[in-house]
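Undergrad: no sequence on this one, just coordinates:
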């Protein structure tokens with residue numbers, strides 16, 4: 001089964017979203033947290049839209065977009081902020 005990375009930040013300064021979702025077979029009702037950015041995304045929804053169907057197909061429920069903003073990942077300087 002494909003494991004969805006909890007963090008996926010593209011190199012550069014881009015929009016990001018913070019998403020929580022209950023994983024399949026979760027008996028503790030503890031959501032997993034996902035932070036994803038996407039190169040070239042004009043809006044936060046452009047980051048979330050491809051991720052939500054993947055979460056649903058993998059059996060995640062109660063998927064919630066909690067927030068977002070801009071995030072910078074610079075591999076040359078080894079920073080994320």
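TA: Cool, the structure landed. Just so it is clear, the model here is predicted, and its values are computed rather than measured. Residues are numbered from 1 along each chain as shown.

Undergrad: shaky segments in this protein?
TA: Across the chain, the ranges flagged by pLDDT under 70 are 1-2.

Undergrad: and residue 32, what are its bridge partners?
TA: residue 21 (DSSP bridges).

Undergrad: you'd agree it is up against residue 18?
TA: No - with contact defined as C-beta atoms under 8 Å, residue 32 does not count as touching residue 18 (11.6 Å). (Glycine included, C-beta is placed from N, CA and C.)

Undergrad: stretch 68-81 spans what distance, first to last residue?
TA: 13 Å (C-alpha to C-alpha, to the nearest Å).

Undergrad: actually, stretch 5-12.
TA: For stretch 5-12, the end-to-end distance is 19 Å (C-alpha to C-alpha).

Undergrad: now the helices for the protein?
TA: 44-57 (DSSP state H).

Undergrad: which strands and helices sit next to the longest strand seen in the chain?
TA: Counting residues, the longest strand found in the chain (DSSP state E) is strand 61-74. Secondary-structure packing of strand 61-74 (3 or more C-beta pairs under 8 Å, 6 or more residues apart in numbering; DSSP states H and E): strand 12-22, strand 32-37, helix 44-57, strand 79-80.

Undergrad: relative to strand 32-37, how tilted is that strand?
TA: On the basis of axes from the mean of the first three to the mean of the last three C-alpha atoms, to 10 degrees, strand 61-74 is oriented at 40 degrees to strand 32-37.

Undergrad: quick one: closest of the helices and strands packed on strand 61-74 to residue 69.
TA: Checking the helices and strands packed on strand 61-74 against residue 69 by C-beta to C-beta gives strand 12-22 as the closest, at 6.2 Å.

Undergrad: any idea how far residue 64 is from the residue nearest to residue 66 when sequence neighbours are not counted?
TA: Counting by C-beta to C-beta, 6 or more residues apart in numbering, residue 66 lies nearest to residue 18, which is 4.6 Å off, once chain neighbours are set aside. Taking C-beta to C-beta, to the nearest Å as the measure, residue 18 falls 9 Å from residue 64.

Undergrad: ok, those two, which is more surrounded?
TA: Remark: of residue 18 and residue 64, residue 18 carries more neighbours, 16 against 11, as counted by other C-beta atoms under 10 Å.
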